[in-house]
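Asks: Make a model of this:
(one chain, ligands or ions: 1)
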Amino acid sequence: MTEADSEKVDLRSEIPRFKPATPPAAFGEFVENMRRLQDLAVSIDAPDEVYAAAQEKTAELIELLAPFEAREGKGPANRSMQLPGRGSLLMPPWKVEKFDEESVVATGVLRRYHLGGGGVAHGGVLPLIFDDNFGMVVYAAKRPISRTAYLHVNYRKVTPLNVPLAIEGKVDRVDGRKTFITARLTEEDGTLLADGEGLMVQLLPGQP
Ligand SMILES: CCCCC/C=C\C/C=C\C/C=C\C/C=C\CCCC(=O)SCCNC(=O)CCNC(=O)[C@H](O)C(C)(C)COP(=O)(O)OP(=O)(O)OC[C@H]1O[C@@H](n2cnc3c(N)ncnc32)[C@H](O)[C@@H]1OP(=O)(O)O
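Replies: Model prediction:
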């Protein structure tokens, strides 16, 4: 396929053609600085002149980056498997520690950016972590490309910030197009914070 043709692809079918990326050398540090900025953006209490100066600098940054905006599947974000959160700011900066047919394990911390209230993680961040784990479990188990049909999370304890956490997910059972997955989110000492169950349904040809 020529570059011109590849620009014409239907982006809704991008998942089946997921291709890992090798990011340029400075990309990882750029993403980590962006994460630090996110933490600061949701936590600072600064005088107006500081916001005004920051606004000018961010406007400069936008001007620098905007010409390089690319379609899904071209840039390194979300595809850099060796970077925390695959280099995607949407994903918490977790590293995949185990990725095989038995299970997928990812570890990391949640940060100030992920705060809900009362010093602990926002409840909505957990389904994101579970959904991502389920996607990887399906892939690692060599099941066909699937999408999440449902996802259920049981919140057993509040999830702390800045504490090492781990999620482990595995295939529970398979029924035709359906892959049922279970996962557990724990602290390092094994304390259960949340467990989840999801149904991933194999996409039919032409299904986005
Ligand atoms: C996704 C893999 C990514 C690949 C990257 C690969 C690896 C690189 C490594 C790492 C990358 C890491 C992670 C990737 C990250 C995330 C992946 C997350 C994936 C998603 O985040 S994706 C977004 C959210 N997701 C949607 O946007 C789905 C919208 N939706 C639909 O697209 C349809 O809804 C669909 C296709 C699900 C089904 O539709 P359909 O028409 O094909 O099939 P149908 O409805 O007939 O269901 C067939 C059988 O499932 C049963 N069934 C269906 N739904 C059910 C429910 N809710 N509860 C109970 N049973 C249910 C039926 O009852 C029937 O069962 P039975 O056959 O027994 O009768």
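Asks: Pull the residues that contact stretch 167-185.
Replies: The contact list for stretch 167-185, computed with CB atoms under 8 Å, 6 or more residues apart in numbering, reads 94, 98, 102-107, 126, 129-130, 133-134, 136-138, 141, 143-144, 146, 149, 159, 165-166, 186, 192-202, 204. All C-beta spots, glycine's among them, are computed from the backbone N, C-alpha and C.
Asks: Kindly recompute the last result at 6 Å.
Replies: 103-106, 129-130, 133-134, 137-138, 141, 143, 193-202 (CB atoms under 6 Å, 6 or more residues apart in numbering).
Asks: Among these, name the ones in strands.
Replies: Per DSSP state E, strands hold the following members of the contacts of stretch 167-185: 104-106, 193-202.
Asks: Mind giving me the PyMOL command for buried ones among the residues you listed?
Replies: PyMOL command restricting the ones in strands among the contacts of stretch 167-185 to the buried ones, with burial defined by 16 or more other CB atoms under 10 Å:
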select buried, resi 104+105+106+193+194+195+196+197+198+199+200+201+202
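Asks: Relative to the ligand, which of the ones in strands among the contacts of stretch 167-185 is nearest.
Replies: Val201 (3.9 Å; CB to the nearest ligand atom).
Asks: Show me what the closest one bridges to in the sheet.
Replies: Beta bridges link Val201 to Arg147, Lys178, judged by DSSP bridges.
Asks: rewinding a little: now the two most distant members of the ones in strands among the contacts of stretch 167-185.
Replies: Leu193 and Gln202 (30.0 Å; CB to CB).
Asks: Wait, a strand at Lys170?
Replies: Yes. Residue state for Lys170 (DSSP: H, G, I helix; E, B strand; the rest coil) corresponds to a strand.
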